[in-house]
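Chemist: just coords:
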């Protein structure tokens with residue numbers, strides 16, 4: 001027993017994470033097919049994060065949220081800023097840093113991309129009924145919340 005868990009359950013957890021990884025790769029491919037030229041999944045992820053969580057965050061906070069080096073986040077933000085999808089503004093709390101703000105164009109690109117994904121979602125919906133998707137969402141959200149907290153503790 002591993003802290004009360006039967007060791008024979010461990011392969012199920014590996015399979016779960018393996019399936020999630022494969023799904024991430026496949027979903028990234030169909031997302032990137034719907035993005036405007038020059039944008040990739042990390043660009044979209046930042047736009048979506050700024051809407052879902054909040055904009056006005058520093059590049060360092062974003063790098064930590066995405067678990068990437070600050071240099072990688074700076075590169076991603078530079079690509080978004082070049083396309084005028086985000087705007088870098090001075091941080092009023094710390095003059096040494098900047099804050100990232102979503103522009104109207106950034107909001108529009110994010111919304112249009114989601115709209116272009118509609119046919120993909122309809123196709124998935126025909127293969128997997130909405131009731132099954134709704135049933136699995138709480139488990140995935142619980143897993144995400146756990147992993148997020150575990151990351152913050154580490």
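Modeler: Received the coordinates, thanks. Predicted, not measured: the structure shown is a model, and the values here were computed from it.

Chemist: what sits up against the helix or strand where residue 72 lies?
Modeler: Following DSSP states H and E, one finds residue 72 within helix 70-82. For helix 70-82, the surrounding residues in contact (C-beta atoms under 8 Å, 6 or more residues apart in numbering) are 38-39, 42-43, 46-47, 59-60, 62-63, 66, 68, 86-88, 100, 106. Yep, even glycine has a C-beta here, placed from its N, CA and C like the rest.

Chemist: the next helix or strand after that helix pairs with which strands?
Modeler: Where DSSP H and E defines the elements, the next helix or strand beyond helix 70-82 is strand 86-91. Looking at strand 86-91 with DSSP bridges, its partner strands are strand 94-102 (antiparallel).

Chemist: what's the mean pLDDT across the partner strand?
Modeler: Averaging pLDDT along strand 94-102 gives 92.

Chemist: buried residues of the helix or strand following it, list them for me.
Modeler: Next helix or strand after strand 94-102 toward the C-terminus (DSSP H and E): helix 104-116. Within helix 104-116, the residues that qualify as buried by neighbour count (16 or more other C-beta atoms under 10 Å) are 106, 109-110, 113.

Chemist: which strands and helices sit next to helix 104-116?
Modeler: helix 41-52 (3 or more C-beta pairs under 8 Å, 6 or more residues apart in numbering; DSSP states H and E).

Chemist: quick one: the helix it packs on to strand 94-102, angle?
Modeler: If you take axes from the mean of the first three to the mean of the last three C-alpha atoms, to 10 degrees, helix 41-52 sits at 100 degrees to strand 94-102.

Chemist: how close does residue 21 sit to residue 29?
Modeler: Residue 21 sits at a distance of 13 Å from residue 29 (criterion: C-beta to C-beta, to the nearest Å).

Chemist: what do you get for residue 45?
Modeler: From residue 45 across to residue 29, the span is 14 Å (C-beta to C-beta).

Chemist: give me every residue that touches residue 67.
Modeler: Per C-beta under 8 Å, 6+ apart, neighbours of residue 67: residue 151.

Chemist: next, give phi and psi for it.
Modeler: Dihedral pair for residue 67: phi 60, psi 50, per degrees, to the nearest 10.

Chemist: mind listing what's buried along the helix holding residue 72?
Modeler: Those buried within helix 70-82 under the rule 16+ other C-beta under 10 Å are 73, 76-77, 79-80.

Chemist: now the buried residues of helix 104-116 as a markdown table including pLDDT and distance to residue 144?
Modeler: Listed next are the buried residues of helix 104-116 as a markdown table, based on pLDDT from 0 to 100; distance: C-beta to C-beta, whole Å:
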| residue | pLDDT | distance to residue 144 |
| --- | --- | --- |
| 106 | 97 | 24 |
| 109 | 97 | 25 |
| 110 | 97 | 20 |
| 113 | 97 | 21 |
